[in-house]
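> Build me a model from this:
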Amino acid sequence: MKYNVELGFENSSFVQDTDLYCFSTDSVILANIARIKKTDYVVDLGTGAGIIAILISLKRECKKVLGVDIDERAIALFEENIKSNSLENKTSALLMDVKDVHKEIGNGKVDVVLANPPYYLESSLHGKDASSKIEDKGSVEDFISAAAKILKFDGDLYMVMKTNRLVDVLVLLRQYKLEPKELTYIAHNKNSEPGSFVIKAKSGGKSGLLTKTLYIENEDGTMTDECKKLYEGVRKE
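Here you go, the predicted model:
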């Protein structure tokens, strides 16, 4: 069943389908934490129904945004979200396996890649969103390899992942010559351990990693000021 989620600015909304994977806080944080310039060509790998690509398109003055996914139903919903938000002039959808995306885009063409890959190596998960959470149709390495191919030298990859996969991600990033530069742990509040992280890696970058923790809520359950700032409306870089 389809339903609308209000995005909180510019009379924009996002259509989700209960038969498909619904976006999480991690996806929204990833879209808001990435630094993007008005001249950038941005690609969202594993876009699903397109929440990351839609938020980027609505909030940033980038050149263009392309969302890529292997799921036909998800891409159809993404195209619906593009149309409903009148983003056809800047945002497009591509039905394709991320492993093949360089064949369509070309090598070294993209300024910023965003990715929210499946979190788990294997799982007992079943149901409508299991394939979006486990590596049955695309591994973390597939996503990192794809990003390395399409990014320009000095281009940036932003990826969100669960903390128990941090070592896997760091090893793979260096393997594909994407140097980890910024690591943001995401924790529910100061009394909880980080459950996920966003990492920024630069193509051909020099070594040197900065780390910090983003807390979503204060002790009283209200959103932290840092998180509120990320969720603000249009941001101009």
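> which one's the longest helix in the protein?
As assigned by DSSP state H, the longest helix anywhere in the chain is helix 72-84.
> Can I get it as CSV, trimmed to CA atoms?
Extracted in CSV, the C-alpha atoms of helix 72-84 (Å, rounded to 0.1, in the frame of the first residue of the first chain):
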residue,chain,number,x,y,z
GLU,A,72,12.1,-2.5,-11.0
ARG,A,73,9.4,-1.7,-8.5
ALA,A,74,11.7,0.6,-6.5
ILE,A,75,12.8,2.5,-9.6
ALA,A,76,9.2,2.9,-10.7
LEU,A,77,8.4,4.4,-7.3
PHE,A,78,11.5,6.6,-7.5
GLU,A,79,10.3,7.9,-10.9
GLU,A,80,6.9,8.7,-9.3
ASN,A,81,8.6,10.7,-6.6
ILE,A,82,10.7,12.6,-9.1
LYS,A,83,7.5,13.6,-11.0
SER,A,84,5.5,14.4,-7.9
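> After it, which helix or strand is next?
Beyond helix 72-84 in the direction of the C-terminus, DSSP states H and E gives the next helix or strand as strand 91-95.
> What helices and strands are in contact with that following strand?
helix 51-59, strand 64-69, helix 72-84 (3 or more C-beta pairs under 8 Å, 6 or more residues apart in numbering; DSSP states H and E). No exception for glycine: its C-beta is placed from N, CA and C like everyone else's.
> These: which one's closest to Met1?
Nearest to Met1 among the helices and strands packed on strand 91-95 is helix 72-84; the distance by C-beta to C-beta comes to 12.3 Å.
> what bridges to the closest residue in space to Met159 that isn't next to it in sequence?
Nearest residue to Met159, sequence neighbours excluded (C-beta to C-beta, 6 or more residues apart in numbering): Ala115, at 4.6 Å. On the basis of DSSP bridges, Ala115 is bridged to Leu45, Met159.
> you'd agree Ala115 is up against Asp156?
No: using C-beta atoms under 8 Å, Ala115 is not in contact with Asp156; the gap is 11.4 Å.
> Can you show me the helices along this structure?
Using DSSP H, helices in the chain cover 25-33, 51-59, 72-84, 101-105, 130-133, 140-150, 166-175, 225-230.
> Compare these and say which comes out lowest on pLDDT.
Comparing mean pLDDT across the helices of the chain, the weakest is helix 130-133, with a mean of 46.
> Now do the same for the residue lying closest to Asn191 once chain neighbours are set aside: its pLDDT.
Counting by C-beta to C-beta, 6+ apart, Asn191 lies nearest to Glu219, which is 7.4 Å off, once chain neighbours are set aside. For Glu219, the pLDDT comes out at 91.
> how about Glu219, what does it touch?
Asn189, Lys190, Asn191 (C-beta atoms under 8 Å, 6 or more residues apart in numbering).
> what do you get for Leu166?
Neighbouring residues of Leu166 by C-beta under 8 Å, 6+ apart: Phe197.
> how near is it to Thr91?
31 Å (C-beta to C-beta, to the nearest Å).
> for Gly205, same thing?
Per C-beta to C-beta, Gly205 is found 28 Å from Thr91.
> Thank you kindly, that will do.
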